[in-house]
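Peer 1: got a sequence here, can you model it:
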Amino acid sequence: MNGYAGKLLFVDLSSGRVEERELSEKLAKDYIGGYGFGARLLYDMMKPGLDALAPESVIGFVSGPLNATGALFGGRYTVVSKSPVTGGWNDANSGGAFGPELKRAGFDGIFVSGASDKPVYLFVKDGKAELRDARSLWGIDCYDIQEALVRQTGERGIRAAVIGPGGEKLSLMACVMNDKHRAAGRGGSGAVMGSKNLKAVAVKGSAKISVANPEKVKAANRKIVDWLKNGPTAGMAKGFGDFGTGGGTGLNGLVGDSPVKNWGGAGAVDMGEELLMKLSTTSYDEKYNTGKFACSQCPLGCGAHYRVSEGKWPLEETDRPEYETLGAFGTMALNHDAESIIKCNDICNRYGLDTIAVGGTVVWAIECYENGILSREDTGGIELTWGNGDAIVEMTQAIADQTGFGKILALGSMKAAERLGRGAQYLQTVRGIELPMHDPRYSPGFARTYLCDPTPARHVKGGTGLADFGTTNEVKYSYVGRGEFDAELTCRTEVLNASGCCAFADFATPPEALKELLDGVTGWDVDVKRTGRRILNMRHLFNLREGLRPTNDLLPRRCVGEPPLEAGPLKGVTVGHEKLAEGFFDAIGWDSESMAPKKEFLDDL
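Peer 2: Here you go, the predicted model:
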């Protein structure tokens, strides 16, 4: 098949069995790749009610058809599993170079079950796979593991998806890392990997992935390059290329997009415009930037390496924080100390921890501390107060090391509140997943996405959230009649993610580019809307089988303005998230009571 390596690899760590299977054309056409493959396969491979950290649980590393084909923005892969946080479906994707290298190594996906009695890593090279002893690698962080694997395998061009100490210690905020700084970050997939004693999946390959119509792919790429230079979003794309995702953090805080003070404040009111604007990477780069980098097949290049030469937390080699990290450790905590945020980002990257979850958990603890729910005795003497960069770094390190109060916070904010028996009133989570850094009171469509996606509290799962950025208040605060548009955008994003394409393609490419690339690579006439609906429903059905339904009471009240803020740009806003959800359920074909897909919609798929 064009666009695919044509094989899947199944590994049982309990028995040591490694098995190849042919990728069926039907699976490829129906589910595209990425979490499409993952949801279809894990639904069959895992029994309902299985503990996410049980040996029988399955974790998958899945590429998409755009990986390793030269299709621009096609550099991402997906980690799929059951979430130890939500108890339901989990997927998290990452950029870098692992996804394309996985295909060149001979496989479209690797699915791992069982648990080893000692640390191991999986090494795959040109279609050959073997399990190797990783006891000497256990404890190595996510920066140093790459060179350690090169020494172990003798392969300079090796790429690896790994866990750090966070995953080894089963932190529920642990993620899967690759290329040192790229994270499949949300939902605790690193803990699933750690529960299996699987330190890394390392791949190296030389296979060429065939493309059905190279000229069509080249033509689509040319259109993308022209769009980046001359299209209506060229300025935005240049900003992301120059300063990464965090270039507009200060402005986002001013207008109300970035949540402030654990979702209870307003940027200019609680921080002041001058301090808030210091959180943008436009103010960081001149001092810390040592060079740019890009993911595989990316024409934009939003990454940058940093060096902090002096101060409390010098770092010889680290990476520029993303927007979500700047929000989580910055606006959310009323913290404008750049080097404290860079340090927290570095800790999370090295230990393999999700910055949104860690930042959100620290901020939850700060609000609890400020309101007497937590004491200095609870925190081990750490003064968790608003804007205290020193304390934020100290607690982030404690979470990473799982020492003192950090051992409890390593569970994430919801499970920490459950363990302590207090502080639940300050949680900003959906099913235990900390909310990302886009405020539904500014872009109401995010409320529906945070609530209804099978992986809750995610900002890159389609819907009208991003579209609301460019609309008037009269449009975005009108909650009726948006269901079809919401469903259409969601289905497109399902295919975009499953294909191995970056979310930047949502605005940095012409609207028709995704289909043109997929058709050119595969030779098929991909029905994006229908295929996206099928993938979404498969992920949703996994959750329904676990008894999980997206009911309106799951959303934290603050993020939808209940009660509304009394000051700032979002003053008085209450989001009609129930109406948004109702419109989406109707358009996507889910029964509003049971949440089960209606029979006529399933028959069509």
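Peer 1: can you give me the strands in the stretch 351-500 of the chain?
Peer 2: With strands called from DSSP state E, counting those that start in this stretch, the stretch 351-500 of the chain shows them at 429-430, 433-434.
Peer 1: centre of the chain to the last one, how far?
Peer 2: To tie it back to what came earlier, the one meant is strand 433-434. Relative to its chain's centre, strand 433-434 lies at 11 Å (C-alpha atoms, centre = their mean, to the nearest Å).
Peer 1: other SSEs contacting that strand?
Peer 2: Applying 3 or more C-beta pairs under 8 Å, 6 or more residues apart in numbering; DSSP states H and E, one finds that strand 433-434 contacts helix 355-370. All C-beta atoms are positioned from the backbone trio N, CA, C, and that covers glycine.
Peer 1: now do the buried residues in the helix it packs on.
Peer 2: 355-369 (16 or more other C-beta atoms under 10 Å).
Peer 1: over to stretch 468-478?
Peer 2: Result for stretch 468-478 [16+ other C-beta under 10 Å]: buried residues 468-469, 476.
Peer 1: separation between T472 and S478?
Peer 2: From T472 across to S478, the span is 10 Å (C-beta to C-beta, to the nearest Å).
Peer 1: an error on my part: the question was meant for R539.
Peer 2: Counting by C-beta to C-beta - R539 and S478 are separated by 29 Å.
Peer 1: surely L53 and P84 touch.
Peer 2: Yes. Here L53 lies in contact with P84, judged by C-beta atoms under 8 Å, at a distance of 5.4 Å.
Peer 1: residues shared between the contacts of those two?
Peer 2: Counting by C-beta atoms under 8 Å, 6 or more residues apart in numbering, the common neighbours of L53 and P84 are 170, 191-192.
Peer 1: just the buried subset of those residues, written out for PyMOL, thanks.
Peer 2: Filtering the shared contacts of L53 and P84 down to the buried ones (16+ other C-beta under 10 Å) takes a single PyMOL command:
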select buried, resi 170+191+192
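Peer 1: circling back: among the buried residues of stretch 468-478, which are in helices?
Peer 2: The members of the buried residues of stretch 468-478 that map onto helices under DSSP state H are 468, 476.
Peer 1: helix or strand right after the helix or strand of the chain with the lowest mean pLDDT?
Peer 2: Lowest on mean pLDDT, DSSP states H and E among the helices and strands of the chain sits helix 505-508, with a mean of 90. Proceeding N to C from helix 505-508, the next assigned helix or strand is helix 513-522, under DSSP states H and E.
Peer 1: just the mean pLDDT for that following helix, thanks.
Peer 2: The pLDDT scores in helix 513-522 average 98.
Peer 1: can I get that helix as CSV, trimmed to CA atoms?
Peer 2: Extracted in CSV, the C-alpha atoms of helix 513-522 (Å, rounded to 0.1, in the frame of the first residue of the first chain):
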residue,chain,number,x,y,z
ALA,A,513,-4.2,20.6,1.5
LEU,A,514,-4.9,17.8,3.9
LYS,A,515,-7.0,15.8,1.5
GLU,A,516,-4.7,16.6,-1.4
LEU,A,517,-1.7,15.2,0.5
LEU,A,518,-3.6,12.1,1.7
ASP,A,519,-5.0,11.4,-1.8
GLY,A,520,-1.6,12.0,-3.3
VAL,A,521,0.2,9.7,-0.9
THR,A,522,-2.3,6.9,-0.7
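Peer 1: packing partners for that helix?
Peer 2: Short answer (3+ C-beta pairs under 8 Å, 6+ apart): helix 513-522 packs on helix 214-230, helix 483-498, helix 528-545.
Peer 1: turn those into TSV, columns for mean neighbour count, distance to A294 and mean pLDDT.
Peer 2: Listed next are those as TSV, based on neighbours: other C-beta atoms under 10 Å; distance: least, C-beta to C-beta, whole Å; pLDDT from 0 to 100:
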stretch	mean neighbour count	distance to A294	mean pLDDT
helix 214-230	16	13	97
helix 483-498	23	18	97
helix 528-545	22	26	97
